[in-house]
Structures are given as C-alpha cells and as structure tokens.
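**Q** Any chance you could fold what I've pasted below:
(chains A and B)
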Amino acid sequence: MPKTITLNHITKIEGHAKLEIGVERGGITKCQLSAVEGSRYFEGLVRGRKFFEAHEITSRICGICSCAHVIAAISAVEDALNYKPSEQTLQLRKLLTLGERIRSHATHLYFLALPDYLGYESALAMASKYRPQLQNALNLMKTGNLAIKIIGGRDLHPVSATVGGWLKLPKKSDLLIIGKQLESAKADAIKTCKLFFSLKYPEFQSRTECFSLIDKNSYAVLEGEFSSEKISFRKSQYKEFINEYHEPRSTANFVVKSDHRYMVGALSRLNNSHRKLSKNAKKMLKLSKIRLPSKNPYLNNVAQAIEIVHCIDEAIRICENLNIRSEAVEKPKLKAGNGVGAIEVPRGTLWHDYTINDNGVITNANIITPTAQNLLNIQEDIRDFVPSVASKRKEKIVLEVEKLIRSYDPCFSCSAHFLEVKWS
Amino acid sequence: MLTEKYSLPLENKKMPKPKLKLGFYGITGCAGCLLSVIFNEDEILDLIQLVDLKAFPFIKEVNPDEQFDYVFMEGLVADKGDLEELEKLRQNTRYIVSLGACACTGCVPAYRQFTLKENYEHLLYRKQKEVEDIQPTPIDAHVKVDYYIPGCPPDKREIVTFIKNIAIGKEPKPYENPVCVECRKNGNQCLLDLGKPCLGPITAGGCNSVCINGNFECWGCRGPTKDMNLPLMIKILKEKGFDDKFIQDRMRTFAGLKLPMLEQFFNVKVNVKC
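**A** Take a look at the predicted model:
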C-alpha cells in the first residue's frame, strides 16, 4: 500500500468532506473523516423567529431531503404546542415523505452509487450504453417529484405543509394522478432491485448498532420509538442517549449513542422492520438473498432499492384510500414548551427539537441529521475496512473506500461538498 | 478543376461550432440548485448533448481543471475554501452564472448577518484554519457575476431555457416583473388581501408564483425587483398589523443583503433578544 497519496475532490456525494488516512507497516495510524463545508448555523437562525417559520427556514438545510426537514420541524413545533394534527394531515405528510424517499433513493442509487460498480465516471457517461437503466432512474425520480409537487406545491422546498394542517389540499383527482404515475414506476422499481442485486459487494461487517424508528403497525415513517435490536427509547428521551461533539477539523458534529457509534438509514430500517414491508417489497427481499440482520454497509444500496418498491406500494395505498375532506389550517393554542420531532427520512432518522416561549417565539433549536449520526460509523468502517484491501493498487483501494462512503448516501450539505481524501 | 469544385470560399465553409464548455459547481449550500438541473427528468439526457459538460462534481468523478465558457455556481461564500474555489473558477471562466438564491442573494445562511451573535455563538467552536468562517455572502460580493438565475430553488424550467439559449447563441434575458404579475395570471386570490405577509409586490418573478399557487405567501427568495416600492410595501404590512421586527426578519430571510436600505425605515434594533 502506498504511504503517501493525496487525492483531492472525491465526488458524487452531497456536500464537501475530507478524509485523511495514514498507514504504517500495514496498520492504520490515522483515519479522519470531516465535513469541510461552510457552517450555516441553522439552529441559530431560527432563534427569535416565530414557531410557524421554523420549517420554511430549516428546509434550506438540504435540497434532496427538504420535505424531511419541513415535516420534522412542523412535527417538533406541534409537539411543543401539544397539538395533534388530523389523520388526513398525517397521511398527506407521510405521502410527501414517501415521495421524497423514492426520488432520493433513485438519485443516489443511479447517479452517485452505480457508476462505481459499472466502471464509469458518471451516470451521464453511461448514457449511451445504459440508457434504459437511466430512464428507469429518471422515471422514479419523476414519480417522487410529481407526488411532492402535487402534495407540497413544489418538488424542492415544498410550500403547502404547515403547522396545523395544509395550506392547500390536493383533490382526490390529484391523488389519482399520483397513483397512476406510481403504478407506472412499479416496473422501474423492480428493475432497480434486480440491477442492484446483481452487483458485487465486498464482504464487510460494520461493528455497529442499527437504529431506526420502529412502529408497532407499520414500516415507520413519521411514528415510532427510536430502537435497535437491543434498546428502545421515546423521542422525548433522546438527549439522555444521544450526544453530539465537535472536532476542530470539521464543520459537522459527530453524534454518538452512549459514547458508541451507530448506523441509521435504509439498511437499519430493513433490519429492524422488514416484517412490515409491503408484499412486493418482501418478494424482492427474498429475491435479494441478503440475510437480515446485516451490518454490511455496502448493502445499504440493496436496502434502498427494496425500499423504493415498498414506498411505491405504500404511497399507492394512501392515494387510493385517502378521501380528501376540506380541513382549514388549525391554529394551535400558544403555550411555552419544548417539542421533539423525529421521522424516518431517506438517509435515516432526522431529529428536530425546538423550545418555544409564551409568545410563540423560538428560543432554542437543536437539529441532528442522519449523516451526522452516521459520520463516526463511516469513519470507523473505513478504518476497519482498509487493511483488507491494503495489498491492492492505490486506485483500487480508493475506489473501494469511495464505494463504502457512498453506500451510506451521506449528505455533507446536511452536516458539510467535495470529499477530499488526503493520505499521509 | 475538380479541386476548385470542392473547395468553397472560406466564409461559406460551415464548420460545426464547438460546443460550449460548461461546469456546474457548488460551494456552501444545500445541493438543491444542482438537483434542479438534474430533476428535469424528461430532458436532462438530451440537454447535455447540446453542450460539452466538462465538470459537475456532484455527479461526475472526472472534472478537469480547465477553461470554461460558462460555470453555474450554486451556494454562497461561507468559509475560506469557498472563496478559493470561487476565485479559481472565476479566473478560468468566461461567464459566471449565479445559480439559485445562495449564490444570488446569500439566501437563508446570509440571514445570519442580521441575527444577534448570541443566537448562534453557542454553535461556534474552534476550527482549523482551512475551515475558518467568512461572513456569509453571495458570490457577487467577491467576484464579477455575468448572469443570475435566482430562486430557492431556481425554477428548473428556467435552467433548461437558459442552457438552450446559450447553446444556440441567444442572450438569456432576466425576468424583471414582480411575482404579482404571474400570480394574477394564475388567478390566485391575493394573499396580502387575506392579511398574509406576502412579499410578492417587491420580489422578482419568473417563478410562476409557485408559492402563492400553494397558498403560501412569498418570502422574497428571488430578490427585490429593481423598481420596487419598498416604503409602500412596509406601510401595507404595518397596516396589516405586522410589527417592525417581523417585517424586517421576513424581508431579510432570503435577500437581506440586497436590501441594505431597510435600515432607514426602521428604528428598532434588529432581532432584539427574545
């Protein structure tokens, strides 16, 4: 293995990050993953603003999961005001979140992850040989975006979701349009599964604990307790278990649970809730031949593909069953308090936490993104993984490390653009 | 002679024009503007055939450092790394296009300049020199910008139109009417009339009034129009019962740095302690 390699600009991730690895006599002496994107201090920006403004501001944390931040922020604010939204509101929020997961997974799988496995520099470079596959991806992205646009008013940074309900409700005919588009995407989702099942993933087990929200009745999206196979706790208790710490070299926080690293995301959800997948998704899981629970982070790609099938089925179910009633936006009664919102979003569990005063002004905010929770796990996985490929050529090592990082679908915008790898 | 027959005079020779060299880059931001390029799902694969897409690090591994005709920049300058990247690209590029609100106005992250330090100082921590903060600023605070595609996010159709235009050598034209023009065409009920703090009258349109179509008031993400009547806008909002702090906060959330004149209308200190 080369001792000193400096690689700049590792690409195809959301955000800028940096990785430094040092090796001496086959052993790893240094492995540091840090976000180096400029800090934006969103938690400070919402202080002093009104409770109904939080979601519009924090949506700007991330483009690809803007719906996630909108819904998490609204949920936290409503929790603080002790307000329970209507069932219709919850179903529409769920639909918005499912639409986002479909487009986000499709974008990640085809545009960020796949080129590594097929030996291309980008999805665009694959266009001449793999045009049908890219059309599958684009149709899935279009499907998710259409659902978000109709329900949320816009596909990025949606506008119609608000505290207390929906500023504009879709009509039943709108839901049927989404349903029809979702039906058309079913075949794309199955092809995506088969494509990603056919790829060769390295054998590797992360020494981690897989966390996600677990709901008694369904594959969790908006509800549930934060759980692994060993432990479970309520959203409101999160501060007792989860701590954040800073590193001077990074602009993102590291997050640990009781001082230990953990993993969130599609693979964690699959491990924890696969029995609640839709029938079609269960069929795909069987076809994938992966054994659950699995702690091989590379299989997060497979988990995302299976989740697309599930999300389509679940979204179709909502579109068919939901009869839209006219409901005006409710104004929750003002009261001082603290509220926590935790929802399952494309990259894992997203936490928003606000404290509101008597006048409805936000006095404190805390936001923990999925990537911040995964950051330490990714870094430690790299440390554990590199020795197994240390005898290979430099290019091969770098490629496998990049694949490992990308399999987590990290969003350094959420927590930091460019991954700069420095070897020393 | 045969050779004469096949050699046309120079000026008639139709040499195919080389395609424009394009780059799409992001500095501190949310990747939403770059996604707005890709999310033109029906056209993206054909659109890129019109140009020579040299660099797009968000989705490309190979991004050669070279001379570009156009570079689309997402994001704002928030640290030293951003500024270095931006300055390097400016040197290598004929036309810089500010893509989206962060690049055009500084967007939400630049709102920090209008909030009290005590609101965010608990988030500051010791950083290494290479990740040191810079005051959050749009890119035209640092380099010359040739074109602006505003909005948070930018309208994805507008990006397609822009690229198609430059590919055939047509000068892209900015949309200069306020949001209200498209909003009226769309038949929306005026949200100001309903008592909501809509900034449509002073905000540049071109977004097809997308927020108001969804019953959400305009927050001004595309920045102020050149001929806005700011005093009237403030007067209307005050009449509707919004206080000074609220009005200033709203106007400064997406485009505060493009509204320096706001200070002359308000006596209160911005963001007094809550």
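
**Q** part of a strand, is B:Phe24?
**A** Yes: under DSSP: H, G, I helix; E, B strand; the rest coil, B:Phe24 sits within a strand.

**Q** So what sits opposite it in the bridge?
**A** Beta bridges link B:Phe24 to B:Phe72 when assigned by DSSP bridges.

**Q** doesn't B:Asn63 make contact with it?
**A** No: if you go by Cβ atoms under 8 Å, B:Phe24 and B:Asn63 don't touch, sitting 9.5 Å apart. From N, CA and C alone the C-beta is placed, and that goes for glycine too.

**Q** which of these two has more neighbours?
**A** Set B:Phe24 next to B:Asn63 and count neighbours by other Cβ atoms under 10 Å in any protein chain shown: B:Phe24 wins out with 25 against 19.

**Q** Would you mind measuring from that one to chain A?
**A** 11 Å (Cβ to the nearest Cβ, to the nearest Å).

**Q** next one: B:Val179
**A** For B:Val179, the distance to chain A - Cβ to the nearest Cβ - is 13 Å.

**Q** just B:Ile166 next, same as before
**A** Taken as Cβ to the nearest Cβ, the span from B:Ile166 to chain A is 19 Å.

**Q** isn't A:Thr405 right up against A:Ile378?
**A** Just so we're on the same page, residue A:405 is Ile rather than Thr. Yes: if you go by Cβ under 8 Å, A:Ile405 and A:Ile378 touch, sitting 5.9 Å apart.

**Q** For the nearest residue to A:Ser218 once chain neighbours are set aside, grab the count of nearby residues.
**A** Spatial nearest neighbour of A:Ser218, excluding adjacent residues (Cβ to Cβ, 6 or more residues apart in numbering or on different chains): A:Lys276 at 5.6 Å. Using other Cβ under 10 Å, A:Lys276 has 18 other residues around it.

**Q** Phi and psi next, for A:Lys276.
**A** Dihedral pair for A:Lys276: phi -100, psi 10, per degrees, to the nearest 10.

**Q** Now for it: which residues touch it?
**A** Neighbouring residues of A:Lys276 by Cβ atoms under 8 Å, 6 or more residues apart in numbering or on different chains: A:Asp215, A:Asn217, A:Ser218, A:Tyr219.

**Q** hmm, back to that, what's the overlap in contacts for B:Phe24 and B:Asn63?
**A** Joint contacts of B:Phe24 and B:Asn63 (Cβ under 8 Å, 6+ apart) are B:Ala55, B:Phe56.

**Q** Spit out the contact partners of the nearest residue to A:Lys289 once chain neighbours are set aside.
**A** Nearest residue to A:Lys289, sequence neighbours excluded (Cβ to Cβ, 6+ apart): A:Phe197, at 7.6 Å. Counting by Cβ under 8 Å, 6+ apart, A:Phe197 makes contact with A:Leu287, A:Ser288, A:Lys289, A:Val302, A:Ala305.

**Q** Are any of those buried, and if so which?
**A** A:Ser288, A:Val302, A:Ala305 (16 or more other Cβ atoms under 10 Å in any protein chain shown).

**Q** tell me which of these is nearest to A:Pro387?
**A** A:Val302 (24.6 Å; Cβ to Cβ).

**Q** where does A:Tyr245 land on pLDDT?
**A** A:Tyr245 carries a pLDDT value of 74.

**Q** just the one 3 residues further on next, same as before
**A** Reading off the per-residue confidence, A:Pro248 sits at a pLDDT of 63.

**Q** and what of the one 5 residues further on?
**A** pLDDT, A:Asn253: 65.

**Q** so where's chain B uncertain?
**A** B:1-15, B:123-132, B:268-274 (pLDDT under 70).

**Q** what sits against A:Leu112?
**A** A:Lys12, A:Ile13, A:Arg406, A:Asp409, B:Ile59.

**Q** Switch those over to a markdown table; also include secondary structure.
**A** Listed next are these as a markdown table, based on three-state DSSP:
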| residue | secondary structure |
| --- | --- |
| A:Lys12 | coil |
| A:Ile13 | coil |
| A:Arg406 | helix |
| A:Asp409 | coil |
| B:Ile59 | coil |
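
**Q** Contacts for the helix or strand containing B:Lys245 next, please.
**A** Assessed by DSSP states H and E, B:Lys245 sits inside helix B:244-255. The contact list for helix B:244-255, computed with Cβ under 8 Å, 6+ apart, reads A:48-50, A:53, A:56-57, B:101, B:105-108, B:111, B:114, B:152, B:197, B:199, B:203, B:219-221, B:223-224, B:234, B:237-238, B:242, B:259, B:262, B:266-268, B:270-272.

**Q** Tell me who's in contact with the nearest residue to A:Ile214 once chain neighbours are set aside.
**A** Leaving aside its sequence neighbours, A:Ile214 sits nearest to A:Ser227 (Cβ to Cβ, 6+ apart; 4.4 Å). By Cβ under 8 Å, 6+ apart, the residues touching A:Ser227 are A:Phe211, A:Ser212, A:Leu213, A:Ile214, A:Phe233, A:Asn272.

**Q** Could you give the backbone dihedrals for whatever residue of the stretch 251-400 of chain A ends up closest to chain B?
**A** Residue nearest to chain B within the stretch 251-400 of chain A: A:Val361 (4.6 Å; Cβ to the nearest Cβ). Per-residue torsions, A:Val361: phi -100, psi 140 (degrees, to the nearest 10).
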